[in-house]
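> predicted model follows, preceded by the sequence.
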Amino acid sequence: MLASATVGARSWLLIEHPGPWAAYLDECTSLPRHLRDLIEHAKDLGIRPQLIRKPGRRRGAGVPRLIGGWSAGDDPWLAEGTLEAPDLEPLARGEVPPRWKRIFSPIFLVCTHAKRNACCARLGLPLARSLHAIWPDNVWETTHVGGDRYAANLVCLPHGLYYGSMSQAAAVAAAEAYRRGEVVLDRFRGRSGIPEPLQAAEHFVRAHTGELTLGGVVVESTGTDGDATVALVRTTARNGGGARYQVVIERVAYAAPCDTVGACADAITTYRLVELSQFATSAMA
């Protein structure tokens with residue numbers, strides 16, 4: 001699952017709706033017209049819409065919540081708006097819309113989208129309920145986040161950290177690490193909104209240095225060398241000591257397993273480390 005976080009998610013729009021959820025958001029006929037229009041508007045602006053609901057809740061209660069988020073850069077954020085004045089244009093630019101209220105607690109999304117993939121519900125529902133019992137104000141069920149084969153999927157916002165194949169213990173460890181400003185490399189898929197090769201380069205440097213703080217590893221530049229990606233990566237926090245590394249990675253594909261009637265899933269692509277070398281101090285000047 002290395003470097004498999006959704007590349008196209010930098011800005012988010014979370015819309016509370018108890019369901020039912022169709023396989024695709026534009027097929028959710030149970031949604032009121034104004035919510036369908038809001039979803040289409042978000043897509044047009046490059047914002048990733050997600051339907052959310054509290055675990056175990058299937059009936060609407062009160063005014064649905066509308067939460068926006070920005071995952072890119074060093075200062076990601078979450079904020080709550082209203083359906084009466086959604087004002088999505090600033091959100092698409094990474095700006096908190098006027099009159100929206102900042103949220104300073106993390107949000108944990110667990111994909112439970114059964115109509116999209118049955119495994120997401122079978123594995124995601126018990127995970128969402130167990131996490132909700134620990135952090136009732138922070139955990140939501142959500143629609144498809146990408147990567148059904150990695151169910152159960154967990155997304156940590158606002159940074160957009162993706163984890164897959166989560167057990168309850170692994171999810172609790174990832175959530176606790178995120179709350180203290182760190183990542184856990186076990187089952188870490190990457191950070192959304194970043195090209196996959198950059199996700200891989202960051203992952204390999206973290207594994208090499210042990211640097212786990214959220215802002216502790218930064219990809220400064222990338223280039224290509226034939227089929228390989230060459231990245232210059234800098235560590236900025238305590239364990240890396242401000243070092244720079246050249247990371248060379250290659251994309252590889254593996255055949256997915258076939259079922260009993262011979263139907264095979266798409267090939268699984270990932271990245272392998274070709275070279276990781278640290279620049280000498282004099283070369284960093």
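Perfect, thanks for sending it. Numbering: from 1, shown residues only.

> can you show me the strands along the stretch 51-200 of the chain?
In the stretch 51-200 of the chain, the segments counted as strands under DSSP state E, counting those that start in this stretch are 66-70, 77-81, 101-103, 107-111, 139-142, 154-157, 161-163, 188-191.

> low-confidence ranges in the stretch 51-200 of the chain?
57-62 (pLDDT under 70).

> before we move on, back to that, can I get the strands of the stretch 51-200 of the chain in TSV with distance to residue 22 and mean neighbour count?
Using the backbone N, CA and C atoms, a C-beta is placed for each residue, glycine as well. Shown next, in TSV, are those (distance: least, C-beta to C-beta, whole Å; neighbours: other C-beta atoms under 10 Å):
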stretch	distance to residue 22	mean neighbour count
strand 66-70	20	24
strand 77-81	24	19
strand 101-103	28	12
strand 107-111	15	26
strand 139-142	14	25
strand 154-157	20	26
strand 161-163	23	26
strand 188-191	25	25
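
> quick one: contacts of stretch 181-189?
The contact list for stretch 181-189, computed with C-beta atoms under 8 Å, 6 or more residues apart in numbering, reads 1-5, 147, 150, 153, 161-166, 170, 173-174, 177, 199, 203, 206-207, 212-214.

> mind giving me the packing neighbours of the lengthiest helix in the chain?
Longest helix in the chain by number of residues (criterion: DSSP state H): helix 118-134. Using 3 or more C-beta pairs under 8 Å, 6 or more residues apart in numbering; DSSP states H and E as the contact test, the elements touching helix 118-134 are strand 107-111, strand 139-142, helix 168-179.

> looking at those, which is nearest to residue 266?
Each of the helices and strands packed on helix 118-134 has some distance to residue 266 by C-beta to C-beta; the shortest is strand 107-111, at 18.6 Å.

> so what touches that closest one?
Strand 107-111 has contacts (C-beta under 8 Å, 6+ apart) with 14, 50, 52, 55, 67, 69, 78, 120, 124, 127-128, 131, 135, 138-145, 151-158, 171, 175, 178.

> what do you get for stretch 33-48?
6, 8-13, 15, 17, 25-26, 28, 31, 49, 68, 83, 86, 88-89, 91-92.
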